[in-house]
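Q: I would like to see how this sequence folds:
(2 chains)
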Number of protein chains: 2
Amino acid sequence: MSLIVQKFGGTSVGDAERIKNVASRIARSCADGNSILVVLSAMSGETDRLLSLAKSIVSDPRGRETDVLLSTGEQVSIALLSMALEELGVPAVSFTGSQVKILTDNIYNKARIEDIDSTRLRATLDDGKVAVVAGFQGVDAEGNITTLGRGGSDTTAVALAAALEADECQIYTDVDGVYTTDPRIVPEARRLSQVTYEEMLEMASLGAKVLQIRAVEFASKYKVKLRVLSSFCDGIGTLITTEENIMEEALISGVTLNRNEAQVMMVGVPDRPGVASSILGPVADANIEVDMIVQNSAADGATDFTFTVSRDDYDLTLKILNEIAETLSAREVRGDRNIVKLSIVGVGMRSHAGIASRMFKALSKENINILMISTSEIKISIVVDQKYSELGVRVLHSEFGLSEASGVK
Amino acid sequence: MSLIVQKFGGTSVGDAERIKNVASRIARSCADGNSILVVLSAMSGETDRLLSLAKSIVSDPRGRETDVLLSTGEQVSIALLSMALEELGVPAVSFTGSQVKILTDNIYNKARIEDIDSTRLRATLDDGKVAVVAGFQGVDAEGNITTLGRGGSDTTAVALAAALEADECQIYTDVDGVYTTDPRIVPEARRLSQVTYEEMLEMASLGAKVLQIRAVEFASKYKVKLRVLSSFCDGIGTLITTEENIMEEALISGVTLNRNEAQVMMVGVPDRPGVASSILGPVADANIEVDMIVQNSAADGATDFTFTVSRDDYDLTLKILNEIAETLSAREVRGDRNIVKLSIVGVGMRSHAGIASRMFKALSKENINILMISTSEIKISIVVDQKYSELGVRVLHSEFGLSEASGVK
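A: Residues are numbered from 1 along each chain as shown, chains lettered A, B, ... in the order given. Predicted coordinates:
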């Protein structure tokens, strides 16, 4: 008998009909002889409804009471699903984060899981019952309710799978798996049957919003087999696992596109030690996250310093750079919000030379100018003008043979 | 410094504006130098919203998961009010029933409080903070969430006041106190400044829906001073306390009217031992609650057996009586749903003879025919045709001088 953790997101439990569908799906998994632990998010729209209630009282809801408020969302879901399961004759018991107990630190609104007491859950499962756990929430050492931050339900599911040594952690979403790229851009995009944790992490952080990054990190750390599936149709989805578990390894697993970046540049800065931190220090102090950073080698004793930030932070970043430009004797501050980041990701590139040049050549054939380059062990990212977004994705997807069933070896 | 428990019902916290008003009221109580513990109900409409969600999944929501679901209602209220208090600069900490912990038995949907751990609440109050507790809910010995049944928030407030030995337990509602009778029937009805627990119990069970009966019983048992006040306007409300604490004792404190009764009669039953239980046994087995019971003395070896039930149970009761009439060799089964129950209540009648005859005389002057009579130590109830409802109330209210500021001594 396998122990499977199944996590259903907000749209999967968005109304009574969908909750009943989820219950039927779980009932089938039980009938197949599996032991099932379910993790749920709040019904779609519920968290926003609660937040807007809070905002009608305080301008910026945060801290302890916000977690007391928001944690009710998942509590409603677990009660309703447990009722639906019982109605199908499947015995079920719901658990809040506090009832489990999922021990977290005491950082309200974005707590981190420190420990999970699996006693009661294991007893419930051993009893032949489905355990239905509220995602996204926990309790600190003093018994205060905490939440893990948006999307934290994925993390709850993976953490429970790790604690209970589940055979698999299935994340049900509104897509049927992880794709080689966005199928809206490349209709031939292919669902990956398997992908490594590292690739998934790069893809998640690069804009493939299937899974929460923290959940993938957690899964990777504890070697939890993670599977992304659709809650609306059948299929085997995508398995995210260790490199060793993947039989046929593709050179490149996916092409991602991030439309939410903007580029800023400090031009002609005298090249002396500490200049990078003089520029990035004030930016970090303003809580602006920097993504790609490129510094050109200095030819005439001056250097150009380029980096990307989220588009939301673009104006503020330019303002900060203009403020410090004079102190640094920089020649000019420039910026461009009309850029995108294209990346190719794949653990296979580690052992293959020439992937970068093949990538750049394919783009140049289409006259796509590369504005920035940044590489890691399993990823190459470039910045291009946003007008090339879709074309760039298609060129790379085709160049690395991602549409073919087997991929390029 | 006084410790005051303040309980606010669903309408008092029905929306953001009202929650802010409640916060201001609490802030004033704090500024007056009091230590405040607040008990809240769910926002009005919330419990019904949750129940209708549940009903879209199961036809008759009950049991463990219904309590998990419903308890979120109060949890939302305590979070929002705590935010509103913090916004006013009043430090506040919310507590669910489980966090307190309010230990109950494990009868879901109508649990009874067994014990309250006041440690954390007392520490919060000693810390100069307002403790905001979710009413209506508790936790059983295994950590399962329980609810006390509808209206249970009053009980929570009184139980907390008892556990913490509060100086007063204030119940804020949408009326400004307990009245001598329904002011919609008798405009001169007077707010009582004080009333005994016993009187309040009789009045609550007779249809004055200001307070939950269980809460009054609890207050009586633990001698908690209970005050009913309006959350929408200022005033001292009505204090409910022990007889010893009441200086000037009125003969009659109030006149109540219950429009929800129906009368049924088994006529001409042979008068032999056990006939009452033969009639009431099957009625009780059908979970029908019987209120007044009258058996006339038998003249010709046969007796008439009359009782009242809730109007909702009228048809079912008649059906049951017809079924057993033949077995009992009864002559006839009769019934009347167009009756009402009028009662006068007052601890003063204990030591005064002649109250009953004065009551009947006043009614007969208006040609109001009395159909049934039932008396207790501090109450006399009669059944009359429902067309005399308002007239009966007015006659009795006037007869016992309830409109006058001091009452009749």
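
Q: Using the three-state scheme, assign the residue in the stretch 251-400 of chain A positioned nearest to chain B.
A: Proximity of the stretch 251-400 of chain A to chain B (CB to the nearest CB) peaks at residue A:287, 23.4 Å away. Where C-beta positions appear, they are placed from N, C-alpha and C, glycine not excepted. Judged by DSSP: H, G, I helix; E, B strand; the rest coil, the three-state class of residue A:287 is coil.

Q: what about it, neighbour count?
A: 8 (other CB atoms under 10 Å in any protein chain shown).

Q: now swap in residue A:361 and tell me
A: 11.

Q: thinking again about what came up before, for residue A:317, see how far away the residue of the stretch 251-400 of chain A closest to chain B is.
A: 11 Å (CB to CB, to the nearest Å).

Q: One more: residue A:63?
A: Distance, residue A:63 to residue A:317, by CB to CB: 28 Å.

Q: neighbour-wise, which of those two wins?
A: Comparing residue A:63 with residue A:317 by other CB under 10 Å, the one with more neighbours is residue A:317, at 23 against 14.

Q: In contact with the more buried one, which residues?
A: A:262, A:264, A:283, A:286, A:288, A:309, A:335 (CB atoms under 8 Å, 6 or more residues apart in numbering or on different chains).

Q: May I see the residues you listed arranged in JSON lines, with neighbour count and pLDDT as well?
A: Below are the contacts of residue A:317 laid out as JSON lines (neighbours: other CB atoms under 10 Å in any protein chain shown; pLDDT from 0 to 100):
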{"residue": "A:262", "neighbour count": "24", "pLDDT": "96"}
{"residue": "A:264", "neighbour count": "24", "pLDDT": "95"}
{"residue": "A:283", "neighbour count": "20", "pLDDT": "92"}
{"residue": "A:286", "neighbour count": "11", "pLDDT": "89"}
{"residue": "A:288", "neighbour count": "19", "pLDDT": "90"}
{"residue": "A:309", "neighbour count": "23", "pLDDT": "95"}
{"residue": "A:335", "neighbour count": "18", "pLDDT": "95"}
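
Q: could you redo those as a markdown table and give each row secondary structure?
A: Converted to a markdown table, those look like this (three-state DSSP):
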| residue | secondary structure |
| --- | --- |
| A:262 | strand |
| A:264 | strand |
| A:283 | helix |
| A:286 | coil |
| A:288 | coil |
| A:309 | strand |
| A:335 | strand |
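
Q: Alongside chain B, which residues does the stretch 51-200 of chain A contribute?
A: A:53-54, A:56-58, A:61, A:64-66, A:68-69, A:71-72, A:75-76, A:78-80, A:82-84, A:86-87, A:93-94, A:96, A:98-99, A:120, A:143-145 (CB under 8 Å from any CB of the partner chain).

Q: so residue A:294 makes contact with residue A:371?
A: No - Residue A:294 is not in contact with residue A:371 according to CB atoms under 8 Å; the separation is 9.3 Å.

Q: Packing partners of the helix or strand of chain A with the lowest mean pLDDT?
A: Within chain A, no helix or strand scores below helix A:197-205, which has a mean of 85 by mean pLDDT, DSSP states H and E. Secondary-structure packing of helix A:197-205 (3 or more CB pairs under 8 Å, 6 or more residues apart in numbering or on different chains; DSSP states H and E): helix A:213-222, strand A:238-241, strand A:254-258, strand A:339-345.

Q: pull the CA atoms of it into PDB?
A: The C-alpha coordinates for helix A:197-205 follow below in PDB (Å, rounded to 0.1, in the frame of the first residue of the first chain):
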ATOM      1  CA  TYR A 197      14.500  19.400  -8.900                       C
ATOM      2  CA  GLU A 198      17.200  21.800 -10.100                       C
ATOM      3  CA  GLU A 199      15.600  22.300 -13.500                       C
ATOM      4  CA  MET A 200      12.200  22.800 -11.800                       C
ATOM      5  CA  LEU A 201      13.800  25.400  -9.500                       C
ATOM      6  CA  GLU A 202      15.200  27.300 -12.400                       C
ATOM      7  CA  MET A 203      12.000  27.100 -14.300                       C
ATOM      8  CA  ALA A 204       9.900  28.100 -11.300                       C
ATOM      9  CA  SER A 205      12.000  31.100 -10.600                       C
END
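
Q: the inter-axis angle of it versus strand A:339-345?
A: Going by axes from the mean of the first three to the mean of the last three CA atoms, to 10 degrees, helix A:197-205 is angled at 170 degrees with respect to strand A:339-345.

Q: Counting neighbours, which bits of stretch A:188-202 end up buried?
A: A:189-192, A:194-202 (16 or more other CB atoms under 10 Å in any protein chain shown).

Q: what residue ranges in the stretch 101-250 of chain A are flagged as low confidence?
A: A:150-151, A:205-209, A:247-249 (pLDDT under 70).

Q: How about it: which residue is closest to chain B?
A: Closest point on the stretch 101-250 of chain A to chain B, by CB to the nearest CB, is residue A:143, at 5.8 Å.

Q: Next, that residue: secondary structure please.
A: Assignment for residue A:143 (three-state DSSP): coil.

Q: circling back to that earlier point, which ChimeraX command selects the buried ones in the residues of the stretch 51-200 of chain A next to chain B?
A: Buried residues within these, by 16+ other CB under 10 Å, are selected in ChimeraX with:
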select /A:53,54,56,57,58,61,64,65,66,68,69,71,72,75,76,78,79,80,82,83,84,86,93,94,96,98,99,120,144,145
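
Q: Next step: the residues of the stretch 51-200 of chain A next to chain B restricted to helices.
A: Judged by DSSP state H, helices contain the following of those: A:53-54, A:64-66, A:68-69, A:71-72, A:75-76, A:78-80, A:82-84, A:86-87, A:98-99, A:120.

Q: wait, the residue of the stretch 101-250 of chain A closest to chain B sits on residue B:99?
A: Yes - here residue A:143 lies in contact with residue B:99, judged by CB under 8 Å, at a distance of 5.8 Å.

Q: what sits in contact with each of the two?
A: residue B:120.

Q: Looking at the residue located most distally from the centre of chain A now. What's its pLDDT?
A: Within chain A, residue A:300 marks the point farthest from the mean C-alpha position, 42.2 Å out by CA atoms, centre = their mean. What the model reports for residue A:300 is a pLDDT of 76.

Q: Kindly report the same for residue A:357.
A: At residue A:357, the predicted lDDT confidence score is 89.

Q: Which secondary structure element is home to it?
A: In this structure, residue A:357 is located in helix A:355-365 according to DSSP states H and E.

Q: Could you list the residues in contact with that helix?
A: Contacts of helix A:355-365 (CB under 8 Å, 6+ apart): A:251-252, A:344, A:349, A:370, A:373, A:375, A:380, A:382, A:384, A:392, A:395-396, A:399.

Q: can you check stretch A:288-302 too?
A: Under the contact criterion CB under 8 Å, 6+ apart, stretch A:288-302 has outside partners A:261, A:268-271, A:276, A:280, A:283-284, A:303-310, A:313, A:316-317, A:320, A:331, A:341, A:372-374, A:381, A:383.

Q: Need the buried ones from these selected in PyMOL.
A: Those of the contacts of stretch A:288-302 that count as buried under 16+ other CB under 10 Å are selected in PyMOL with:
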select buried, chain A and resi 261+268+269+271+283+303+304+305+306+307+308+309+313+317+320+341+372+374+381+383
